[in-house]
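**Student:** output the structure for:
(one chain, ligands or ions: 2)
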Amino acid sequence: MSTVKSALTIAGTDPTGGAGIQADLKVFQEREVFGMSVVTSVVAQNTEGVRAVQHLDVPFIEQQLDAVLEDITPDAIKTGMIATVEMMELIARKLKNSSIPYVIDPVMVAKSGDSLMDDTSRQVIRETLIPLATVVTPNVPEAEILTGIEIATQADQKLAAKYIVEELGAKAAIVKGGHLTGEETEDILYTDGHYTSYYSERFQTKHTHGTGCTFSAAIAAELAKGKSIEEATSIGKEFIRDAIQFSLEIGKGNGPTNAWGLRLQGLPNEGENVHGAPIR
Ligand SMILES: Nc1ncnc2c1ncn2[C@@H]1O[C@H](COP(=O)(O)OP(=O)(O)O)[C@@H](O)[C@H]1O
Ligand SMILES: Cc1ncc(COP(=O)(O)O)c(N)n1
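**Tutor:** Ligands and ions are numbered 1, 2, ... in the order given. So this is what the prediction gives:
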């Protein structure tokens, strides 16, 4: 029996590699979890914005899902961009009786401001997918849409996280604080009647393309390894912190997070490479 853990992402694409499926797979690899993917929508986007979107036919998404699930049982599943009600219904049907840890990043709008989910789907995700989730990881605007609560403070973040669990039926919710202000970022987890805050310094950088994808994929990878929700969130927070600290100046717009940031934590001394070996 293989002891290798695997994780499946069901999401949209980013041909520049910074967000969506491509980002998720890089994170899974970094966390040493075997990454698998089912594409929902193909997105013509880059670090500057979204140019066009093509949704795949739902029966074809189902064929991809069946091809994976009839062969390999993932140890965790993550969904990202699920743009239509029909896609949500399909995924809900497939995951209804599953006990596989399931992370929902309820992707609604790209960093560039382009919409990745239509208005009806923003409401329907509350009834179809959220109740099946082990963890939901909304940013502030997404949490506002899911809960109807305006979020400006830590107390509002808490209310929203609790609402997603107690009213919408997820096992846990993390309302992320990236869109708020302050010297620190605070992400607030609510599960089993308790709140836990996860902090990091706030980096002054515009290179934050794919932060949400990176964070939720790291959490999914850790859940795949059997970590608790709290442990997985803690590792996810460390992972995204370093991925943002060492984010990449690639492209003309908002550059991507760096999935190998964690490996650069101890910056090399001058004249050494990142592994401490002398540069010749
Ligand atoms: N400038 C920043 N410095 C440090 N961490 C950040 C920064 N911006 C976002 N984060 C963190 O990245 C993760 C995703 O952030 P957020 O911007 O809230 O969501 P999204 O990427 O989905 O819009 C969270 O853990 C958040 O706290
Ligand atoms: C296919 C896809 N999924 C998600 C995002 C969100 O990215 P971000 O994490 O920057 O909000 C994106 N731009 N494209």
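
**Student:** ok, which residues in the stretch 151-280 of the chain are in contact with ligand 1?
**Tutor:** 176-179, 185, 187, 200, 202-203, 205, 208, 211-212, 215, 237, 240, 244 (Cβ under 6 Å from any ligand atom). The C-beta positions use only the backbone N, C-alpha and C, and glycine is treated the same way.

**Student:** rerun at 5 Å
**Tutor:** By Cβ under 5 Å from any ligand atom, the residues of the stretch 151-280 of the chain that approach ligand 1 are K176, G178, T185, D187, R202, F203, T211, G212, F215, I240, I244.

**Student:** the stretch 1-150 of the chain now?
**Tutor:** N139.

**Student:** show me which residues of the stretch 1-150 of the chain sit near ligand 2.
**Tutor:** So the stretch 1-150 of the chain meets ligand 2 at G12, D14, A19, G20, V43, G80, M81, V107, A110, K111 (Cβ under 5 Å from any ligand atom).

**Student:** that older thread, show the buried residues in the residues of the stretch 151-280 of the chain next to ligand 1.
**Tutor:** K176, G178, T185, D187, R202, T211, G212, F215, I240, I244 (16 or more other Cβ atoms under 10 Å).

**Student:** mark which of these are part of helices, please.
**Tutor:** T211, G212, F215, I240, I244 (DSSP state H).

**Student:** which residues touch the first one?
**Tutor:** Taking Cβ atoms under 8 Å, 6 or more residues apart in numbering as the contact definition, T211 lies against K111, G178, I240, A243, I244, T257.

**Student:** and of those residues, the nearest to ligand 1?
**Tutor:** G178 (2.3 Å; Cβ to the nearest ligand atom).

**Student:** does that closest one touch N139 like I think?
**Tutor:** Yes: using Cβ atoms under 8 Å, G178 makes contact with N139 at a distance of 6.0 Å.

**Student:** next, show the common contact partners of those two.
**Tutor:** Joint contacts of G178 and N139 (Cβ under 8 Å, 6+ apart) are G212.

**Student:** so S41 makes contact with G80?
**Tutor:** No: under the criterion of Cβ under 8 Å, S41 makes no contact with G80, lying 9.8 Å away.

**Student:** so which of these two has more stuff around it?
**Tutor:** G80 (27 against 22; other Cβ atoms under 10 Å).

**Student:** and the closest residue in space to the more buried one that isn't next to it in sequence, what's its pLDDT?
**Tutor:** Nearest residue to G80 in three dimensions, chain neighbours excluded: A11, at 3.2 Å (Cβ to Cβ, 6 or more residues apart in numbering). Per-residue pLDDT puts A11 at 98.

**Student:** then D119?
**Tutor:** 89.

**Student:** same deal with V109?
**Tutor:** 87.

**Student:** tally of neighbours for it?
**Tutor:** V109: 16 neighbours (other Cβ under 10 Å).

**Student:** is it bridged to anything, and to what?
**Tutor:** S115 (DSSP bridges).

**Student:** relative to T153, how far out is it?
**Tutor:** 22 Å (Cβ to Cβ, to the nearest Å).

**Student:** ok, which stretches of the protein are strands?
**Tutor:** 6-11, 34-39, 41-46, 49-55, 76-79, 102-104, 135-136, 172-175, 184-191, 194-201 (DSSP state E).

**Student:** any chance of the ones you listed in TSV, plus distance to K162?
**Tutor:** As requested, the strands of the chain are exported to TSV (distance: least, Cβ to Cβ, whole Å):
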stretch	distance to K162
strand 6-11	27
strand 34-39	31
strand 41-46	31
strand 49-55	32
strand 76-79	22
strand 102-104	17
strand 135-136	12
strand 172-175	8
strand 184-191	5
strand 194-201	8
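
**Student:** hmm, back to that, from the ones in helices among the buried ones among the residues of the stretch 151-280 of the chain next to ligand 1, pick the one nearest ligand 2.
**Tutor:** Of those, the one sitting nearest to ligand 2 (Cβ to the nearest ligand atom) turns out to be G212, at 3.4 Å.

**Student:** cool, thanks, signing off.
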